[in-house]
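Participant: structure for the following, please:
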Amino acid sequence: MQTSAQPAFVLHSRAYRESSALVDFLTPEGRLRAVMRGARGKAGTLVRPFVPLEAEFRGRGELKNVGRLESAGIPHFLTGEALFSGLYLNELTIRLLPAEAPHPALFEHYAATLQALAGGRPLEPLLRAFEWRLLDELGYGFALDIDLHGTPIAASGIYRLLPDAGLEPVGQLQPGLFQGAELLALADADWSAPGALAAAKRLMRQALAPHLGGRPLASRELFMTLKEPSRD
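Facilitator: Predicted coordinates:
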């Protein structure tokens, strides 16, 4: 069985047998894993991240074969922190997105995020927006302007996140909790508000943690290692 041509991005690839590669793709039809024959030859130049592709896949099982793979646009050249951000998006998508579950809106958001990263846009808002979109697409999203009891978030209130339920009001600010004003800024995507970016990063880490199964993200650890100051 061969699918019709569809847009795709490579999320990850590794050597497979003598001259092939085992490749994870993101397509509007979901995350697909396929064998790319002759990936160590000329065709292998396409098996790299951040390149818009057009692909056809063959096979009925979970492991498919790449029938055709062609460039479908200008590659997104990411360097420095933008590169590590792109690798983080790829790893997060592989870890959380179920295989062969269609998410066309997420695919479009991913493509737009790569374009924004390549264009030098500020990283943190892009990463937080993608994390939020991924959680929401998977059914793990929650309201930022209403608590789990259905009461509007109060700017002066203090809240904690219950990942399987939503935001719960609490009496006193402690480490790991959130001020209502921060949550309302996030609801409006107002990244200029005091504390909004830090709160968004903390909130997304708490929301993602239960779905990552306690296994750290390699791209996040590598990024943090490279940001540490030299001790020479």
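Participant: can you tell me the helix or strand for Leu148?
Facilitator: Using DSSP states H and E, Leu148 sits within no helix or strand.
Participant: quick one, helices of this structure?
Facilitator: 80-96, 104-118, 123-137, 180-187, 196-208, 218-227 (DSSP state H).
Participant: got JSON lines for those, with distance to Arg31 and mean neighbour count too?
Facilitator: C-beta coordinates here come from the backbone N, C-alpha and C atoms, glycine included. Shown next, in JSON lines, are these (distance: least, CB to CB, whole Å; neighbours: other CB atoms under 10 Å):
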{"stretch": "helix 80-96", "distance to Arg31": "7", "mean neighbour count": "19"}
{"stretch": "helix 104-118", "distance to Arg31": "10", "mean neighbour count": "18"}
{"stretch": "helix 123-137", "distance to Arg31": "11", "mean neighbour count": "18"}
{"stretch": "helix 180-187", "distance to Arg31": "27", "mean neighbour count": "21"}
{"stretch": "helix 196-208", "distance to Arg31": "17", "mean neighbour count": "18"}
{"stretch": "helix 218-227", "distance to Arg31": "17", "mean neighbour count": "12"}
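Participant: can you put these in CSV and add distance to Arg37 and mean pLDDT?
Facilitator: CSV is the format used below for the helices of the chain (distance: least, CB to CB, whole Å; pLDDT from 0 to 100):
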stretch, distance to Arg37, mean pLDDT
helix 80-96, 22, 94
helix 104-118, 25, 97
helix 123-137, 31, 95
helix 180-187, 46, 96
helix 196-208, 35, 95
helix 218-227, 27, 69
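Participant: in a markdown table, list these along with distance to Leu11.
Facilitator: Listed next are the helices of the chain as a markdown table, based on distance: least, CB to CB, whole Å:
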| stretch | distance to Leu11 |
| --- | --- |
| helix 80-96 | 4 |
| helix 104-118 | 9 |
| helix 123-137 | 13 |
| helix 180-187 | 27 |
| helix 196-208 | 17 |
| helix 218-227 | 11 |
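Participant: what's the closest of these to Asp145?
Facilitator: Among these, the nearest to Asp145 by CB to CB is helix 180-187 (4.3 Å).
Participant: report all helices and strands that the closest one contacts.
Facilitator: strand 158-162, helix 196-208 (3 or more CB pairs under 8 Å, 6 or more residues apart in numbering; DSSP states H and E).
Participant: list of residues touching it?
Facilitator: Outside of helix 180-187, the residues within contact range by CB atoms under 8 Å, 6 or more residues apart in numbering are 143-145, 153-159, 167, 191, 193, 195-196, 199-200, 203.
Participant: counting neighbours, which bits of stretch 162-172 end up buried?
Facilitator: 166-167 (16 or more other CB atoms under 10 Å).
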